[in-house]
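[1] below is the structure, and that's it, no one-letter string:
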């Protein structure tokens, strides 16, 4: 997994930027909120990334903060929400606004985002309740990214979301990713 890229910003072509890292240009899709906050071409930037691997493409998504990346990862786990829709949500509202909408269960705030209808907004509120609400609004999203990595590793090994969530509850606070995966697999093997 490519978790972060630091290099020279060489091109902005919404919704994509190109970052030169050691002579290799990485095309990275970003939400408009990130694009607006980037410096001019030629500046050195750091983006926190998420790599999506599909049969037909490997796509990098970039964010200015780990909190934004955590929100993106939470959004794409929602049934029926793909990467493009998640980028649209983060382009249309800040992470704090999204967290507040979820905490207050406000569908109206989400339906203002292009491509998000009432049913999709209700699904987002239902599936993200307790996962995104207060945590990201108060900056704890960066703390949970290790747990997100453990969760993603277990899901990629074929465990169901419910099995994975149960295994995560057995982990001690502050466990590093490698140890967390090992302990979670041990817990899953017992069941």
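    Cool, the structure landed. What you see is a predicted model, and the numbers here were worked out from it, not measured in a lab.

[2] would you list every one of the strands in this protein?
    4-13, 16-21, 24-29, 44-53, 58-63 (DSSP state E).

[3] ok, which of those comes nearest residue 126?
    Proximity to residue 126, assessed across the strands of the chain by Cβ to Cβ, is greatest for strand 44-53 (23.0 Å). C-beta: built from backbone N, CA, C; applies to glycine.

[4] gap between that closest one and the chain center?
    Computed by Cα atoms, centre = their mean, to the nearest Å, the separation of strand 44-53 from the middle of its chain amounts to 11 Å.

[5] and the angle for that strand with strand 16-21?
    Angle of strand 44-53 versus strand 16-21, following axes from the mean of the first three to the mean of the last three Cα atoms, to 10 degrees, is 110 degrees.

[6] list the pairing partners of strand 44-53 within its sheet, with orientation.
    Applying DSSP bridges to the sheet, strand 44-53 is found paired with strand 4-13 (antiparallel), strand 58-63 (antiparallel).

[7] including mean neighbour count and distance to residue 35, could these go into TSV?
    Formatted as TSV, the strands paired with strand 44-53 follow (neighbours: other Cβ atoms under 10 Å; distance: least, Cβ to Cβ, whole Å):
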stretch	mean neighbour count	distance to residue 35
strand 4-13	14	6
strand 58-63	20	10
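
[8] residue 186: which of these is closest?
    strand 4-13 (29.4 Å).
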